[in-house]
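**Q** model the following, please.
(chains A and B)
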Protein chains: 2
Amino acid sequence: MAVISADQVKALRDKTGAGFGDCKIALTEANGDMEEAATILRKKGIAQAAKRAGRSTQQGQVGAYIHPPENKIGVLVEVNCESDFVARTADFQGLVKELAMQVAAADPKYVRREDVPAEELDRERAIYRAQAESAGKPASVLDKIVEGKLNSFYERVVLLDQPSIRDGEVKVAQLIAQTIAKVGENVTVSRFARFKVGEGA
Amino acid sequence: MAVISADQVKALRDKTGAGFGDCKIALTEANGDMEEAATILRKKGIAQAAKRAGRSTQQGQVGAYIHPPENKIGVLVEVNCESDFVARTADFQGLVKELAMQVAAADPKYVRREDVPAEELDRERAIYRAQAESAGKPASVLDKIVEGKLNSFYERVVLLDQPSIRDGEVKVAQLIAQTIAKVGENVTVSRFARFKVGEGA
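**A** Here you go, the predicted structure:
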């Protein structure tokens, strides 16, 4: 078993923001591998976050982002948490800012999958099915193809399903789960608005 | 006829932003009265603005305002003008900022009167009529009372009809007309969004 030095624990703490004890356990489990230990911590954090995800969020903050220098794209986003104390932390406010920039850059239409109107989903499904059929795909795989294309559709139009603009390997929902793990409260996005000059009215 | 000094002209220019010639003419007309001269200039500016008010506005900027320190109210506003040159002026950007703060503080529901749904107007009219009737007002004055109350309603819910949060004597529509006079282009507000934590969803 690898011997874990205090420097390693400190490096992992700096990297992940997790506590001393958790970092030491994760490094021991990972046999001293820093990347592996960070992954272990992230999984643990996200597992805890899932437990918190049902809790009611009444507090929070509204954040804005105006894309410089032209100021032709602007975003407003409301992010919620359980207490005003957490709303005032740098971790929470960093997430608010990040989400506003995400919406400005990646232009989602909805916060979560449930917000996509049923008619729009039906229309998308019909298009994907027709495309697959006219491409001569066998009937047995049509459903799978349609569901695959629907997932891509969600990744384009649903904020929580979008890949982060900073790290395409991480979804926005995971960014939020990481913040939940850090602040120890449930965190949700209730709504956003995105204005681009000339698109209104 | 009063003699107009260069100092007076300079003071009026500083106050109104109007040109040297216009300020001198206005002071002469006003017999040297600074307030009167400013009013003359404002009327002139608004008359010119009215001529510009039909012109198409495709350019502009999006502005935001987040109410500190709690960050629980946020506003996004799109303001349009005719050229990108004007969109980059301090006069235009000052108006954008001012309108975002106006929406944050005065909480309008609509940009202009035409945006109020007909059903909502009908409902308001019916309430005002019933109130006046039950207060025993004679039938001959009912219409006048209803229209008066409807004007107050517009001043509460319609951005352009609201009194400016800085100067209750000036309506938001006049603030915009003043900017039109200053920048020499039509200026319009196409939309706004206002989020208050807890009101969404």
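
**Q** okay, CA-based contacts and neighbour counts for the rest of this
**A** Fine.

**Q** give me the element A:Gln61 is part of.
**A** strand A:59-66 (DSSP states H and E).

**Q** quick one, that strand and strand B:59-66 angle?
**A** 150 degrees (axes from the mean of the first three to the mean of the last three CA atoms, to 10 degrees).

**Q** which helix or strand lies directly C-terminal to strand A:59-66?
**A** Using DSSP H and E, the helix or strand that follows strand A:59-66 towards the C-terminus is strand A:73-81.

**Q** name the residues of the following helix or strand past that next one that are buried.
**A** Downstream of strand A:73-81, the next assigned helix or strand under DSSP H and E is helix A:84-87. Residues of helix A:84-87 classed as buried: A:Val86, A:Ala87 (neighbour count, 16 or more other CA atoms under 10 Å in any protein chain shown).

**Q** now find how far off-centre whatever helix or strand comes next after helix A:84-87 is within its chain.
**A** Later in the chain than helix A:84-87, the nearest helix or strand by DSSP H and E is helix A:90-106. How far helix A:90-106 lies from its chain's middle: 10 Å, per CA atoms, centre = their mean, to the nearest Å.

**Q** the strand holding A:Gln61 pairs with which strands, parallel or anti?
**A** strand A:73-81 (antiparallel) (DSSP bridges).

**Q** tally of neighbours for A:Ala135?
**A** By other CA atoms under 10 Å in any protein chain shown, the residues close to A:Ala135 number 9.

**Q** what parts of chain A come near chain B?
**A** A:58-66, A:70-78, A:80, A:190-191, A:193, A:195-198, A:200-201 (CA under 8 Å from any CA of the partner chain).

**Q** in chain A, which spans are helices?
**A** Assignment of helices within chain A using DSSP state H yields the ranges A:6-16, A:20-29, A:34-52, A:84-87, A:90-106, A:118-134, A:139-157, A:172-183.

**Q** and the gap between the spatially most central residue of chain A and chain B?
**A** Compute the mean C-alpha point of chain A, and by CA atoms, centre = their mean the closest residue is A:Val172, 1.6 Å away. Separation of A:Val172 from chain B (CA to the nearest CA, to the nearest Å) stands at 20 Å.

**Q** now do A:Val146
**A** Applying CA to the nearest CA, the value for A:Val146 to chain B is 30 Å.

**Q** now do A:Thr16
**A** 27 Å.

**Q** which stretches of chain A have low pLDDT?
**A** For chain A, the stretches with pLDDT under 70 are A:1, A:46-47, A:49, A:201.

**Q** please repeat the previous calculation with a cut-off of 90.
**A** Where chain A drops to pLDDT under 90, the residues are A:1-4, A:11-23, A:38-58, A:134-135, A:139, A:178, A:181-182, A:184, A:198-201.

**Q** name the nearest residue to the residue nearest to the centre of chain A, sequence neighbours excluded.
**A** Excluding its sequence neighbours, the residue lying closest to A:Val172 (CA to CA, 6 or more residues apart in numbering or on different chains) is A:Leu160, at 4.9 Å.

**Q** now swap in A:Tyr110 and tell me
**A** In space, A:Tyr110 comes closest to A:Val158 once its chain neighbours are excluded; the distance is 4.9 Å by CA to CA, 6+ apart.

**Q** tell me, how many residues neighbour the one you found?
**A** 23.

**Q** just checking, it touches A:Arg113?
**A** Yes. A:Val158 is within contact range of A:Arg113, at 6.2 Å (criterion: CA atoms under 8 Å).

**Q** any chance you could list what contacts the strand holding A:Gln61?
**A** By CA atoms under 8 Å, 6 or more residues apart in numbering or on different chains, the residues outside strand A:59-66 that reach it are A:72-84, A:86-87, A:93, A:96-97, A:100-101, A:104, B:62-66, B:70-74, B:76, B:195-198.

**Q** repeat that for 7 Å
**A** A:73-84, A:87, A:96-97, A:100-101, B:63-64, B:66, B:71-74, B:195, B:197-198 (CA atoms under 7 Å, 6 or more residues apart in numbering or on different chains).

**Q** are any of those residues buried, and which?
**A** Buried among these (16+ other CA under 10 Å): A:73-82, A:87, A:96-97, A:100-101, B:63-64, B:66, B:71-74, B:195, B:197-198.

**Q** was I right about A:Gly32 contacting A:Ser5?
**A** No. Checked against CA atoms under 7 Å, the pair A:Gly32 and A:Ser5 is beyond contact range at 8.9 Å.

**Q** between the two, point out the one with more neighbours.
**A** Comparing A:Gly32 with A:Ser5 by other CA under 10 Å, the one with more neighbours is A:Gly32, at 20 against 12.

**Q** how about the contacts made by the more buried one?
**A** By CA under 7 Å, 6+ apart, A:Gly32 lies in contact with A:Ala2, A:Ile4.

**Q** then A:Thr57?
**A** Applying CA under 7 Å, 6+ apart, one finds that A:Thr57 lies in contact with A:Asn80, A:Cys81, A:Glu82, A:Asn186, A:Val187.

**Q** now the two most distant members of the residues you listed.
**A** Within the contacts of A:Thr57, A:Asn80 and A:Asn186 form the most distant pair, 8.2 Å apart (CA to CA).

**Q** where does the closest residue to A:Ile4 other than its chain neighbours fall, phi/psi-wise?
**A** Spatial nearest neighbour of A:Ile4, excluding adjacent residues (CA to CA, 6+ apart): A:Gly32 at 6.2 Å. Backbone geometry at A:Gly32, expressed as degrees, to the nearest 10, gives phi 90, psi 0.

**Q** go on, A:Asp107?
**A** Phi and psi for A:Asp107, reported as degrees, to the nearest 10, are phi 50, psi 50.

**Q** any idea how many residues pack against it?
**A** Per other CA under 10 Å, the neighbour tally for A:Asp107 reads 18.
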